[in-house]
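Colleague: Structure for the following, please:
(chains A and B)
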Amino acid sequence: MEISNKISQAVVAGIRELYGQEVTADSVQLQETRPEFEGNVTLVVFPYLRMSKKRPEETAQQLGEYLMQTVPDVVAKFNVVKGFLNLVIAPAQWILLLQEIRSQERFGFRPVTDESPLVMIEYSSPNTNKPLHLGHVRNNLLGWALAQVMEANGNRVVKTNIVNDRGIHICKSMLAWLRWGNGETPETSGKKGDHLIGDYYVAFDKHYREEVKQLAAQYVLGGLPAEEAEEKAKQEAPLIKEAHAMLVKWEQGDPEVRGLWKKMNEWVYAGFDETYKALGVSFDKIYYESDTYLEGKEKVEEGLQKGFFYRRPDGSVWADLTKEGLDEKLLLRSDGTSVYMTQDIGTAKLRFQDYPIDKMIYVVGNEQNYHFQVLSILLDKLGFKWGRDLVHFSYGMVELPNGKMKSREGTVVDADDLIQTMIEDASQMSADKVNKLEDITPEEAREIARIVGMGALKYFILKVDARKNMLFNPEESIDFNGNTGPFIQYTYARIRSILRKAKAQGIEVPDVLPTTAQLSDKEISLIQHLNNFADVVRQAGSDYNPSCIANYCYDLVKEYNQFYHDFSVLKEEDKEKQLVRLALSEAVSKVVRNGLGLLGIEVPERM
RNA sequence: GGUCCGGUAGCUCAGUCGGAUUAGAGCAACAGCCUUCUAAGCUGUGGGUCAUGGGUUCGAGCCCCAUCCGGAUCACCA
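Modeller: As a prediction, this is how the structure comes out:
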């Protein structure tokens, strides 16, 4: 950064002096020089041709000479290829840059202060009637990573979760449990609470479908067309009517229903907590829909009085968004009950009461793009200052090789199963390399397997651009070769091993490196690559896109691996070179650890 | 139909602010490399009409327009 800043400023001065024009330092285009040309940094001079009124080669030549004269300590040599000015940077500058990167524990991160903007990130947002599945895993990993990235960019971050703990779906599980459960609990069954409740939800669905089928057949015999019969049966089936009755009781605060609801939700939360812990995610503040769903009504009434919304003859309340190019949107049903949108408004209200939010980010699947477009407009109308600029961090669906990832189609991948499988596979993997793990205790081995297995899972999901649909191939995800988390972790562990051995041999890397050390092109390239980390973190923050960090870490480690095979750091005889390479290795390990850390991926000291 | 998003190697994915005669990784296939700081690695070979057609300019996988294909969404569901 230092180097390109110096050059950028010198170029700005050069343009002013040579051509009498003003350009900003930001607009100066610098890039890494292609390996086939001599140089480290390349200035693109095409943008200045209009100012110089000269051919590209001449312009580049003039600027090159100017730089040599004004910043001789930085620019050692230059050459011109068409409109590209290739600059050879003085080796000492690279050493200084490496030293700077190495000296900072969190290079590329921006500090967070009390004055930093407050960003609230909502993610996870589960329903309490089912265990978490692969889609939730993507949500949780993205949400956590994004929170880390925002913090690294100098924001105060509040991670929040809105738990959908009420509604007809929970009543279905409750009803099924009452009917077929025989008082089964997580303790008596040995099942995780969320799985237990999920099983009853499935049981409800099975019996319900059976009822619908029989009922529909009766209606057909009675002379109804098949489609109509099924539609009617879905509404008239005794089970669903009973579930609805239970929901009404819940809303009326019936003590028995509320008591059961509370008990069963507690089981689910205990189960979720285990999964969250395994995923390594957490929240600063959890909201429950049962607390917020009534709040939205108040806000809607307020908007109604201010004339933002209108009431239809049947009593339902609507927002007319046709001016914004959208449709009309229902906010309150004719019976006065709230809908999804109303609840989100209510949650927003409570959040704003609790925190002075500057920016709100919702991590929610892309099937809700329209919902958040509408929510943004509504919140803005209702006077939330962050409403207009709310960010819907919209991620794509996770698909499976044999079809869609949709809960109703029954092809879900359960989050807990997945986590367990990944860790077991990692464990198996290291067992195959048992010769390396001789001096490791079983506890350490388990911990390494956990770190590696979770790293594999997290990296596999986070390396893909969040907004794209992604394919989750279970077989491929447990392949630890290639562009994977374990590959990066492995390189990290090797570097740590080198550093340990160097220390054992009494080699200490001083804070101030010898600036006279000779650097190869590969080493310079690695330093440049390391330096890019700061830009990547910034980009991830401004684009709300953690995937570029994952890909950056892979590229960096890949480059280091090539380096690793060319040099033997510990056997290097030239002490200056050795120190520089050790420093470089250490810097790589540090940046990789910080980069993966932003993604919630841990690194093992050995593996 | 309206709106939004995607289409890059057989497969999974990168591709930064539009930059360099040759668009990159990994997987899969084939051929090499462990007496060498951890081979979960490295090197090499083969594999591409960047969906299609126009446009913008010194220069386009990237920007603009049109078309084709795929997905999402447009509920008194959440």
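Colleague: which element is the spatially most central residue of chain A on?
Modeller: The centroid of chain A falls nearest to residue A:142 when counting by Cα atoms, centre = their mean (2.4 Å). Element membership for residue A:142, per DSSP states H and E: helix A:134-152.
Colleague: Contacts only, for the residue nearest to the centre of chain A.
Modeller: Residues in contact with residue A:142 (Cβ atoms under 8 Å, 6 or more residues apart in numbering) are A:123, A:363, A:393, A:395, A:461-462, A:466, A:546. In short, each C-beta sits where N, CA and C put it, glycine included.
Colleague: between these, which is nearest residue A:27?
Modeller: Checking the contacts of residue A:142 against residue A:27 by Cβ to Cβ gives residue A:546 as the nearest, at 28.0 Å.
Colleague: which residues does that closest one contact?
Modeller: A:142, A:145-146, A:149, A:462, A:466, A:540, A:598-599.
Colleague: any low-confidence regions in chain A?
Modeller: The model of chain A has pLDDT under 70 over residues A:1, A:403-411, A:434-438.
Colleague: can I see the domain layout of it?
Modeller: A:3-89, A:167-278, A:416-598 (automatic domain parsing).
Colleague: anything in the shortest one near RNA strand B?
Modeller: What that stands for is domain A:3-89. Yes. Against RNA strand B, domain A:3-89 shows contacts by Cβ under 7 Å from any atom of the strand at A:29-31, A:33-34, A:36-37, A:42, A:44, A:46-47, A:81-84, A:86.
Colleague: Most neighbours among the residues you listed, please name it.
Modeller: Among those, residue A:33 has the most neighbours (other Cβ atoms under 10 Å), with 25 neighbours.
Colleague: any idea which element the residue lying closest to it once chain neighbours are set aside lies in?
Modeller: Once flanking residues are discounted, residue A:33 sits nearest to residue A:39: 4.1 Å by Cβ to Cβ, 6 or more residues apart in numbering. Counting by DSSP H and E, no helix or strand carries residue A:39.
Colleague: same check, this time on residue A:78
Modeller: With DSSP H and E as the criterion, residue A:78 is inside strand A:75-81.
Colleague: What residues sit buried inside that strand?
Modeller: For strand A:75-81, burial by neighbour count (16 or more other Cβ atoms under 10 Å) applies to A:75-76, A:78-81.
Colleague: Could you export these as JSON lines, including distance to residue A:225?
Modeller: JSON lines is the format used below for these (distance: Cβ to Cβ, whole Å):
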{"residue": "A:75", "distance to residue A:225": "82"}
{"residue": "A:76", "distance to residue A:225": "85"}
{"residue": "A:78", "distance to residue A:225": "82"}
{"residue": "A:79", "distance to residue A:225": "81"}
{"residue": "A:80", "distance to residue A:225": "80"}
{"residue": "A:81", "distance to residue A:225": "75"}
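Colleague: how close does residue A:128 sit to residue A:350?
Modeller: Noted for residue A:128: a distance of 19 Å to residue A:350, by Cβ to Cβ, to the nearest Å.
Colleague: out of those two, which sits in the more crowded spot?
Modeller: Taking other Cβ under 10 Å, residue A:128 and residue A:350 do not tie; residue A:128 has more neighbours (29 against 16).
Colleague: Shouldn't residue A:86 be within a strand?
Modeller: Yes. Assessed by DSSP: H, G, I helix; E, B strand; the rest coil, residue A:86 belongs to a strand.
Colleague: Not counting sequence-adjacent ones, nearest residue to it?
Modeller: Here the residue nearest residue A:86, using Cβ to Cβ, 6+ apart, is residue A:39, at 3.2 Å.
Colleague: Tell me how many other residues crowd the one you found.
Modeller: Counted with other Cβ under 10 Å, residue A:39 comes out at 22.
Colleague: isn't it right next to residue A:81, touching?
Modeller: No. The criterion here is Cβ atoms under 8 Å, and residue A:39 misses it with residue A:81 at 9.3 Å.
Colleague: quick one on the thing from earlier: looking at the buried residues of strand A:75-81, which one is closest to RNA strand B?
Modeller: residue A:81 (3.9 Å; Cβ to the nearest atom of the strand).
Colleague: Once you drop chain neighbours, what's closest to that closest one?
Modeller: Excluding the flanking residues, the one nearest residue A:81 by Cβ to Cβ, 6+ apart is residue A:37, at 6.1 Å.
Colleague: where along the stretch 201-350 of chain A do the strands fall?
Modeller: A:285-288, A:309-311, A:317-320, A:328-332 (DSSP state E, counting those that start in this stretch).
Colleague: would a markdown table of those strands with mean neighbour count be doable?
Modeller: As requested, the strands of the stretch 201-350 of chain A are arranged in a markdown table below (neighbours: other Cβ atoms under 10 Å):
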| stretch | mean neighbour count |
| --- | --- |
| strand A:285-288 | 16 |
| strand A:309-311 | 16 |
| strand A:317-320 | 19 |
| strand A:328-332 | 19 |
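Colleague: For RNA strand B, find the nearest of these.
Modeller: That would be strand A:328-332 among those, by Cβ to the nearest atom of the strand, at 4.7 Å.
Colleague: Check which helices and strands that closest one sits against.
Modeller: helix A:295-305, strand A:317-320, helix A:340-354, helix A:369-381 (3 or more Cβ pairs under 8 Å, 6 or more residues apart in numbering; DSSP states H and E).
Colleague: Dump these to JSON lines, plus distance to RNA strand B.
Modeller: Formatted as JSON lines, these follow (distance: least, Cβ to the nearest atom of the strand, whole Å):
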{"stretch": "helix A:295-305", "distance to RNA strand B": "11"}
{"stretch": "strand A:317-320", "distance to RNA strand B": "9"}
{"stretch": "helix A:340-354", "distance to RNA strand B": "3"}
{"stretch": "helix A:369-381", "distance to RNA strand B": "3"}
